[in-house]
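**Q** model the structure of this input:
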Amino acid sequence: MDYTKRTKRRLRTGIFLLMLFCAMNIFTFTSGAATKKIQLNKTKVSTTVDRVVQLRLKNANGTVTWKSSDRSVATVSKSGKVLALSKGTCKISAKYKGKTYRCTVKVYKATKSYLPSELRKQFTVSKNQDKVILAGSSSIEFWKSASSALSPYEVMNMGVAGTTVSDWEKLYSSLIVRYNPKAIVLYVGSNDIGNGCDGLSGYQTAKQTQKLIRKLQKKLPDTQIYYVSICPTLRRCNAWDDIESCNRRMEAYCAGKKNLHYIDLESYYWQGDRLRPSLYADDDLHPSTKAYQIWGKVIKSALRKGKTTKSK
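**A** Residues are numbered from 1 along each chain as shown. Down below sits the predicted model:
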């Protein structure tokens, strides 16, 4: 009888201790969850005009209200996407449950005003001849995986965000010709056509691009030049017809010419009569990681074949 009582007491004590242990763990877990720190993923941002930065309020489960202290410098969307508009500094605030979190955004002038000189310092002539030069605007500059994507070809990324064809008529000598490349991958014209009321037509952009190519061929007669078609964007839908016009003119211009090739990327962006959203970054303007994978595959194939890729 005593043995049975002792056994029951031990059993009750064991159950009590087990329940106590479980309760303590539940308390610790819920307390830890409740004290997760609410904070912005960035408190300071340095960027340049026309770039997008994604801000997020970590561990916030409810509605976050975003606001810019100076919308002429940078705007912010309801989801925390910051678009840099002009040189200056502003604060982006995120209000959540009565508390405000702030990020200081500093916007610098367009990269084309300072990047060319930085590129000339980075790539010395003696070490960087007989390579593949990528030249063009932001879609080239932002292609950070280009070297691995185009391996084993040795590439020099000379992309400068914001540049137009006329800018490259001033830059081609110092950023391309002086390095005597074996091949040039040229992506220009998107900023000419997409430049609002001051933009050029597809016809005008094609004519200027052909003029630039002739200058390159005169200086580098043995260099292979690969002209990459302009890719349409979700943000500049008003430019689609002119982009198509320019691309068709450039395709015809490149056909049959020595050391000059046309690379079609435009057609990969369309799915029926609609653009593929997955091929765009958060700003609906520049290529996404998935798009750059296509760029790498198509351009590498063209370099390997040494011939024009036709539209699909």
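
**Q** you'd agree residue 162 is up against residue 137?
**A** Yes. Between residue 162 and residue 137 there is a contact under CB atoms under 8 Å: 6.6 Å. Yep, even glycine has a C-beta here, placed from its N, CA and C like the rest.

**Q** okay, and the common contacts of those two?
**A** Jointly contacting residue 162 and residue 137 under the rule CB atoms under 8 Å, 6 or more residues apart in numbering are residue 191.

**Q** so those two - more neighbours on which side?
**A** Taking neighbours as other CB atoms under 10 Å, residue 162 and residue 137 compare with residue 137 leading, 26 against 18.

**Q** just give the nearest non-adjacent residue to that one, would you?
**A** With CB to CB, 6 or more residues apart in numbering as the criterion, residue 137 has its nearest non-adjacent residue at 4.8 Å, and that residue is residue 163.

**Q** quick one: secondary structure of that neighbour?
**A** coil (DSSP: H, G, I helix; E, B strand; the rest coil).

**Q** got the confidence number for it?
**A** pLDDT, residue 163: 93.

**Q** let me see the contact set for it.
**A** If you count contacts by CB under 8 Å, 6+ apart, residue 163 has them with 112, 136-137, 171, 188, 191.

**Q** domain map for the protein?
**A** With domains defined by the TED database, the chain comprises 39-108, 117-306.

**Q** quick check: end-to-end length of the first one?
**A** With CA to CA, to the nearest Å as the measure, the first residue of domain 39-108 is 25 Å from its last.

**Q** now the last one
**A** For domain 117-306, the first-to-last residue distance is 31 Å (CA to CA).

**Q** only C-alpha atoms, please: export stretch 145-158 in CSV.
**A** Extracted C-alpha coordinates of stretch 145-158, given in CSV (Å, rounded to 0.1, in the frame of the first residue of the first chain):
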residue,chain,number,x,y,z
SER,A,145,27.5,39.2,-62.9
ALA,A,146,28.7,39.9,-66.5
SER,A,147,32.2,38.6,-65.9
SER,A,148,31.0,35.2,-64.7
ALA,A,149,28.1,35.1,-67.1
LEU,A,150,30.4,35.6,-70.1
SER,A,151,33.3,33.5,-68.9
PRO,A,152,35.8,32.4,-70.4
TYR,A,153,35.7,35.7,-72.2
GLU,A,154,37.5,38.4,-70.3
VAL,A,155,35.2,41.4,-70.1
MET,A,156,35.6,45.1,-69.1
ASN,A,157,32.3,46.6,-67.9
MET,A,158,32.3,50.2,-69.2
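
**Q** which helix or strand contains the residue lying closest to residue 175 once chain neighbours are set aside?
**A** Among residues not flanking residue 175 along the chain, residue 158 sits closest, at 4.7 Å (CB to CB, 6+ apart). Per DSSP states H and E, residue 158 falls inside strand 155-159.
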